[in-house]
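Chemist: need coordinates for the below:
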Amino acid sequence: MLLKKTYGIDLGSSTIKVYSYLRNKSYLEKNMIASKGRRIIAVGNEAYDMFEKAPANIVVNSPMAFGMIANLELQEIALYSMMKKIDKFLGIGSEMYFSVPLDMTAVEKRAYYHVVNGHWLRNNHVYMVESPVADALAMGVNLEDNPGSMIVNIGAQSTQFSIITDGKIIISRKIPIGGRQMNEAICGEIRKRYNLQIGTRTGKRLKLAMGRLSDQRKDARKVVGIDSISGLPREEIISGYVVNAGIMNCVNEIAAEMKTFLERTPPQIAYHISREGIYLTGGSTRLPYIDSYLASYTGFSFKLSELYETSAVCGLEKIIKNKELEKWAQPVKQRKL
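Modeler: Okay, the predicted model is just below:
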């Protein structure tokens, strides 16, 4: 008899996160595919290693864009490749719990359904959990008797603000700014100040090494890029202040949008949020002092989650393990789509 398997899946613009109930473990892999024409060359972490290094005839990109499935066929291959690493025998009729964006159209819902009911993965039961709900459960927010809690998720390509009251998401807003835009802003600042062109991967390395929103230090790193004038490779020592100037441009935009969002929130709910604090999560919140920087800008206190990019998949894990929380998961059948 085949054992029925259950998985929690969070498809991110940067990484795929999968929780296996059978193994009681979460797995992370880059959501990247390298292809040459119609032929797939590498998937996951191997594809990311080729990013910005591959020759012109090899395309390396993510099947997700701004938290939505942009290429269904490639996303199915990326997920299948990762699932095979977790379980060699996937079986049929597994239960798949997805963390999904809010306000999806029928076409977008169908994409999530077909990612595990297509060519490679088949006959699986699909359940959808709204990502702010999954984040809230992971951070221990009481969803039932709740006068108002605000969840902010700063991801790879987008930032989501959501307010949950008595188990319902009453207001939500998504803006196209995340970690990837910070990397691009760093590249832009370096191009402007040093006449040097670097790749976004180098920008990300500089962000992780020197990015700080407070207590900035006199720090510098040596990088190699292409001279904007001569077109030849050149070495340059990049100051930490330049890196942080690029990051600040993006974080200030997020903070300004958040302030506007809070001003439009009903006063009774905003009052409760100010007393409780705003829950902050997502992969891009690893940036040192981001919580205190946003607090000084908005005037609200923040509760930074240490789950970072794994918060949604941890929320799915709680739903899978606790029968009482299953009401937050919506079963999806093909005939309903």
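Chemist: for the stretch 101-250 of the chain, which segments count as helices?
Modeler: Ranges of helices in the stretch 101-250 of the chain, per DSSP state H, counting those that start in this stretch, are 106-115, 131-138, 179-194, 200-210, 240-263.
Chemist: and the last one, what does it pack against?
Modeler: By that I understand helix 240-263. Judged by 3 or more C-beta pairs under 8 Å, 6 or more residues apart in numbering; DSSP states H and E, helix 240-263 is in contact with strand 149-154, strand 159-165, strand 168-175, helix 179-194, helix 200-210, helix 290-298. Placement of C-beta: from N, CA and C, glycine included.
Chemist: 6 Å instead?
Modeler: Here helix 240-263 touches helix 179-194, helix 200-210, helix 290-298, going by 3 or more C-beta pairs under 6 Å, 6 or more residues apart in numbering; DSSP states H and E.
Chemist: same list, the helices of the stretch 101-250 of the chain, but as a markdown table with distance to L307, mean pLDDT and mean neighbour count please.
Modeler: Shown next, in a markdown table, are the helices of the stretch 101-250 of the chain (distance: least, C-beta to C-beta, whole Å; pLDDT from 0 to 100; neighbours: other C-beta atoms under 10 Å):
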| stretch | distance to L307 | mean pLDDT | mean neighbour count |
| --- | --- | --- | --- |
| helix 106-115 | 22 | 93 | 18 |
| helix 131-138 | 6 | 97 | 26 |
| helix 179-194 | 16 | 97 | 21 |
| helix 200-210 | 18 | 96 | 18 |
| helix 240-263 | 19 | 97 | 18 |
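Chemist: mind putting the helices and strands packed on helix 240-263 in CSV, distance to N322 included?
Modeler: Putting those into CSV (distance: least, C-beta to C-beta, whole Å) gives the following:
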stretch, distance to N322
helix 179-194, 31
helix 200-210, 35
helix 290-298, 28
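Chemist: ok, which of those comes nearest S284?
Modeler: helix 179-194 (3.9 Å; C-beta to C-beta).
Chemist: residues contacting E235?
Modeler: Going by C-beta atoms under 6 Å, 6 or more residues apart in numbering, E235 touches V224.
Chemist: from M150, how far off is it?
Modeler: 45 Å (C-beta to C-beta, to the nearest Å).
Chemist: one more: E276?
Modeler: Per C-beta to C-beta, E276 is found 8 Å from M150.
Chemist: which of those two has more neighbours?
Modeler: More crowded of E276 and M150, by other C-beta atoms under 10 Å: M150, with 28 against 17.
Chemist: beta partners for the more buried one?
Modeler: Under the criterion DSSP bridges, M150 forms beta bridges with I163.
Chemist: for it, report the pLDDT, please.
Modeler: pLDDT, M150: 98.
Chemist: equivalent analysis for the one 4 residues further on, please.
Modeler: Here the pLDDT value assigned to I154 is 97.
Chemist: what residues go with each domain of this structure?
Modeler: With domains defined by automatic domain parsing, the chain comprises 6-131+312-336, 134-177+251-309, 179-246.
Chemist: quote the end-to-end distance of the last one.
Modeler: Criterion C-alpha to C-alpha, to the nearest Å; first-to-last residue distance in domain 179-246 is 11 Å.
Chemist: where in this protein is pLDDT low?
Modeler: For the chain, the stretches flagged by pLDDT under 70 are 1-4, 91, 335-337.
Chemist: let's see that with 80 instead.
Modeler: For the chain, the stretches with pLDDT under 80 are 1-4, 89-92, 215-217, 334-337.
Chemist: isn't D227 right up against I198?
Modeler: No. Between D227 and I198 there is no contact under C-beta atoms under 6 Å: 11.1 Å.
Chemist: of the two, who's got more company?
Modeler: Using other C-beta under 10 Å as the criterion, D227 and I198 rank with I198 on top: 22 against 14.
Chemist: how close does the more buried one sit to L213?
Modeler: With C-beta to C-beta as the criterion, I198 and L213 are 21 Å apart.
Chemist: tell me which element the residue nearest to W120 when sequence neighbours are not counted is part of?
Modeler: Computed as C-beta to C-beta, 6 or more residues apart in numbering, the closest residue to W120 that is not its neighbour in sequence is Y80, at 3.9 Å. In the assignment (DSSP states H and E), Y80 maps to helix 72-86.
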